[in-house]
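1. predicted coordinates and the sequence they were generated for:
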Amino acid sequence: LGLGLGLGLGSPPPAPLPLRLRLRKPQPQRANPRIRSPGVRVLAAKMLRIVSLALSVGLAASTRIAPKKEIVLARYDEDVEWAKAAYGDNADIQLMVYCKAEFEDECPANSIPLPNLGRESHTYLTHIVRNYDALADWTVFSQAEAPSFGYSAASHEGGHMLAGVTFDDYVFFQDREPHADSAFFFSSAVTLPTLSHTLRMDYVLEDLPGASNDVCPKPGLDGWSDFFEMSHLKRVLDRKRKAQQGVDSMQYYEEFVAGKPIGADEVTLSFSQGARFAVTRQQIRSRPRAYYQKLLASVSNTEDVLNGYWLEYMWYDVFHPEALQVD
């Protein structure tokens, strides 16, 4: 389990399409006594966000100045004060909070509202597609919950951090590894399509001797659990696949991530539980914008989309076409 380091340069981005707006004479507003249902209010709020998103995608690139470092947070209702307190006064770091709360007035000041689609994958890919021409030198992508040790599926508690890793390790990784193209601290590995998992032991035991902030655990293979079956997760995802008429994990990997047949019945991918990682501008742009647009479309059709689960396993390979884990 290792960290790919080579830098790749993407092809020039396509010219932006002209944005044409037809303005109509304002009409008098009339109250509609029939629109009282909270459900209608929710639908109207979602439609307004979708329209706002479509317009802002066309406008963002022309108004944005690329920062040195950027932290992209995917928020629903989490408190993001931890990030503001830690990085808000650092002139070299821009904090970008995307908010998917049910109503826009529930979003923090200066956050960007998005429709509640596609889990954190939709947020990350929206940021990349919007800002492809003006990405930060170094971007940290994270769910908005305050980082803390581990995660319990039973209680839904924990901020997906390894025992020896802090959020600063993501933000300042290039300061200690100047030639790094990304920062992935692998906490798990999964075999597709069976979904059998292994966990890094310092993701399970907070006081484990030898816990480190290295990409992989210091003890090597002894730092990982045996592979175990995730039968409940597999049943849940199978139900989602049927309900959403989706594809299985291997099909998704070949069509959307690798972009080619891989010639194997099974693959094992290392990944970061909770989908937290950091990537350079050059490494993100080793794929064309159209690649990310296709991924974004694949997670934009429903709130708890199956393909968002697949992407959590595959982010490293999304950003490293020159070092796919299956090659």
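-> All right, it came through fine.
2. please enumerate the strands of the chain.
-> Along the chain, counting by DSSP state E, strands occupy 69-75, 93-99, 112-113, 138-143, 182-183, 188-192, 196-199, 267-271, 277-280.
3. by contact count, what packs against the second one?
-> In terms of contact count using 3 or more CB pairs under 8 Å, 6 or more residues apart in numbering; DSSP states H and E, strand 93-99 is assigned the packing partners strand 69-75, helix 81-87, strand 112-113, helix 119-130. Just so you know, the C-beta spots here come from the backbone N, C-alpha and C atoms, and that holds for glycine as well.
4. within the sheet, what are the partner strands of the first one, with directions?
-> Within its sheet, and counting by DSSP bridges, strand 69-75 is paired with strand 93-99 (parallel), strand 138-143 (parallel).
5. which of the ones you listed sits most buried?
-> Comparing these by mean neighbour count (mean count of other CB atoms under 10 Å), strand 138-143 ranks first with a mean of 24.
6. report the angle between it and helix 119-130.
-> Per axes from the mean of the first three to the mean of the last three CA atoms, to 10 degrees, the angle that strand 138-143 makes with helix 119-130 is 150 degrees.
7. which residues touch strand 138-143?
-> Applying CB atoms under 8 Å, 6 or more residues apart in numbering, the external contacts of strand 138-143 come out as 68-74, 78, 120, 124, 127, 160, 167, 170-171, 173-174, 183, 274-281, 284.
8. got the CA positions of that strand in PDB?
-> Output of strand 138-143 as PDB, limited to C-alpha atoms (Å, rounded to 0.1, in the frame of the first residue of the first chain):
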ATOM      1  CA  TRP A 138      -3.300  22.300  -2.700                       C
ATOM      2  CA  THR A 139      -6.900  21.400  -1.900                       C
ATOM      3  CA  VAL A 140      -8.100  19.400   1.200                       C
ATOM      4  CA  PHE A 141     -11.500  17.700   0.700                       C
ATOM      5  CA  SER A 142     -13.400  16.600   3.800                       C
ATOM      6  CA  GLN A 143     -16.800  16.000   5.300                       C
END
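9. for it, the distance to its chain's centre please.
-> Between the centre of strand 138-143 and the centre of its chain there are 8 Å (CA atoms, centre = their mean, to the nearest Å).
10. same deal with stretch 66-82?
-> 12 Å.
11. list the buried ones in it?
-> The neighbour-count check on stretch 66-82 (16 or more other CB atoms under 10 Å) flags 67, 69-76, 78, 80, 82 as buried.
12. which residue ranges form the helices in the stretch 201-327 of the chain?
-> Per DSSP state H, counting those that start in this stretch, the stretch 201-327 of the chain carries helices over the ranges 201-204, 231-244, 249-252, 281-284, 289-298, 306-319.
13. out of these, flag the one nearest Ser111.
-> Ser111 lies closest to helix 289-298 among the helices of the stretch 201-327 of the chain, at 19.5 Å (CB to CB).
14. so the closest one versus helix 306-319, what angle?
-> Using the same axes, to 10 degrees, the direction of helix 289-298 lies 160 degrees away from that of helix 306-319.
15. rewinding a little: got the strands of the chain as a markdown table, with distance to Ser249 columns?
-> Output for the strands of the chain, formatted as a markdown table (distance: least, CB to CB, whole Å):
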| stretch | distance to Ser249 |
| --- | --- |
| strand 69-75 | 22 |
| strand 93-99 | 26 |
| strand 112-113 | 30 |
| strand 138-143 | 21 |
| strand 182-183 | 22 |
| strand 188-192 | 4 |
| strand 196-199 | 12 |
| strand 267-271 | 9 |
| strand 277-280 | 19 |
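16. returning to what we had before: with mean neighbour count and mean pLDDT added, can I get the helices of the stretch 201-327 of the chain in TSV?
-> What follows is the helices of the stretch 201-327 of the chain, written out as TSV (neighbours: other CB atoms under 10 Å; pLDDT from 0 to 100):
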stretch	mean neighbour count	mean pLDDT
helix 201-204	22	77
helix 231-244	13	92
helix 249-252	20	95
helix 281-284	21	98
helix 289-298	18	97
helix 306-319	23	97
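17. ok so, going back, worst average pLDDT in the strands of the chain?
-> Among the strands of the chain, strand 196-199 has the lowest mean pLDDT, at a mean of 90.
18. rewinding a little: could you dump the strands paired with strand 69-75 to CSV with distance to Gly259?
-> Supplementary listing: these in CSV, determined by distance: least, CB to CB, whole Å:
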stretch, distance to Gly259
strand 93-99, 27
strand 138-143, 21
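19. nearest to Pro178, out of these?
-> Smallest distance to Pro178 across the strands paired with strand 69-75 (CB to CB): 11.1 Å, for strand 138-143.
20. and Ala109, how many neighbours does it have?
-> By other CB atoms under 10 Å, the residues close to Ala109 number 5.
21. buried sites along stretch 104-123?
-> Judged by neighbour count using 16+ other CB under 10 Å, the buried positions of stretch 104-123 are 107-108, 111-123.
22. Val97: which of those residues is nearest?
-> Nearest to Val97, judged by CB to CB, of the buried residues of stretch 104-123 is Ser111 at 4.0 Å.
23. ok, the closest one - contacts?
-> Shown in contact with Ser111 (CB under 8 Å, 6+ apart): 75, 80, 97-99.
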